[in-house]
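**Student:** please work out how this folds:
(one chain, ligands or ions: 2)
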Amino acid sequence: MIHVHQFPCLSDNYGYLVHDTDSHETAAIDTPDGTEYLRQAELKGWRITQIWNTHWHPDHAGGNEAIKAATGCTITGPAEVEGRFPIDRIVGHGDTVMLGETQAAVLDVSGHTNGHIAFHLASAGVAFVGDSVFALGCGRMFEGEPKQFWTSLSRIKALPPQTLLYCAHEYTASNAKFALHADPDNAALQAYADEIAAKRARNEWTVPTTLERELATNPFLRADDPAIMTKWGGAVPHETFAALRAAKDNF
Ligand code: ZN
Ligand code: FE
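**Tutor:** Ligands and ions are numbered 1, 2, ... in the order given. Okay, here's the model as predicted:
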């Protein structure tokens, strides 16, 4: 059985430790802060045996070295990590990674960076999506281009709707403001935004989210929705996505 331990890291990242109770393996999903990950693992009584990186940014791979030095764990991630932070095994779209007997499928979800990947644990109904998709948002398009990013989001859209999406940042409240601007007549979005405001007022986490909810409310996943396409322009969804992403950057 799989357990996900979530904890805040740095200013607005979430740290995740995934533990398999049968094999006693533990995977660190990204490494924003090596010291905090090691402390959290100790609190849980778990030993980190693997690191799975989603992309090369320092708030995702910057703790690789410290955790590997302390634990001797194996580091798996996309090729873009190599030369920047320690990595042992490079994986890409279609590869699988094992935590004990539990399989994670590697998905190309590039666009935020050119090599960004996600890990989908189908048997547990969870996906670790890094900075590709957020609750009511998506990552900034630092390296990719709109068609590539839309293809990535389409892969996420195709996962089972009940999938829990573990995003890497608590950006939901500010994302909600833009989402309401992008899609003002969406009743499901308005209800979600109210819920988010109440949760943040109580200092509660809004992550993970479910894909089902994001499909109904996240404008970046809805760039193929006729109403969004009419409002934001674009002959094809990736053009609508580009318009939304540009508008959010300047919002
Ligand atoms: Zn990033
Ligand atoms: Fe990040």
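**Student:** the closest residue to Asp33 other than its chain neighbours: what's it in contact with?
**Tutor:** Here the nearest residue to Asp33 in space, its sequence neighbours aside, is Cys9; by C-beta to C-beta, 6 or more residues apart in numbering that works out to 4.8 Å. Every C-beta, even on glycine, is put in place using the N, C-alpha and C of the backbone. Cys9 is in contact with 15, 32-33, 36-37, counting by C-beta atoms under 8 Å, 6 or more residues apart in numbering.
**Student:** hey, what's Cys9 bridged with?
**Tutor:** Here Cys9 sits in beta bridges with Asn13, going by DSSP bridges.
**Student:** thinking again about what came up before, wait, which of the contacts of Cys9 is closest to ligand 1?
**Tutor:** Minimum distance to ligand 1 across the contacts of Cys9 is 10.0 Å, recorded for Pro32 (C-beta to the ion).
**Student:** so the residue nearest to Arg140 when sequence neighbours are not counted, which state does it fall into?
**Tutor:** Sequence neighbours aside, His112 is the residue nearest to Arg140 in space, at 6.4 Å (criterion: C-beta to C-beta, 6+ apart). Following DSSP: H, G, I helix; E, B strand; the rest coil, His112 is assigned to coil.
**Student:** can you count the residues close to His112?
**Tutor:** His112 has 24 neighbours, counted by other C-beta atoms under 10 Å.
**Student:** isn't it right next to Phe134, touching?
**Tutor:** No. Using C-beta atoms under 8 Å, His112 is not in contact with Phe134; the gap is 10.1 Å.
**Student:** get me the contact residues on this structure for ligand 1.
**Tutor:** Counting by C-beta under 5 Å from the ion, the chain comes close to ligand 1 at 57, 131.
**Student:** burial measure for the nearest residue to Trp205 once chain neighbours are set aside, as a count.
**Tutor:** Distances taken as C-beta to C-beta, 6+ apart place Glu170 nearest to Trp205, at 6.5 Å, with adjacent residues excluded. The tally of other residues near Glu170 (other C-beta under 10 Å) stands at 20.
**Student:** I'd assumed Ser11 was in contact with Glu170.
**Tutor:** No. Between Glu170 and Ser11 there is no contact under C-beta under 8 Å: 9.3 Å.
**Student:** in the longest helix anywhere in the chain, what counts as buried?
**Tutor:** If you go by DSSP state H, the chain has its longest helix at helix 187-201. By 16 or more other C-beta atoms under 10 Å, the buried positions in helix 187-201 come out as 189-190, 192-193, 196.
**Student:** stretch 99-116 now?
**Tutor:** Going by 16+ other C-beta under 10 Å, stretch 99-116 has these buried residues: 99-100, 102, 104-116.
**Student:** repeat that for stretch 165-174.
**Tutor:** Using 16+ other C-beta under 10 Å as the test for burial, stretch 165-174 gives 165-173.
**Student:** same question, stretch 81-98
**Tutor:** Buried residues in stretch 81-98 (16+ other C-beta under 10 Å): 81, 85-87, 91, 97.
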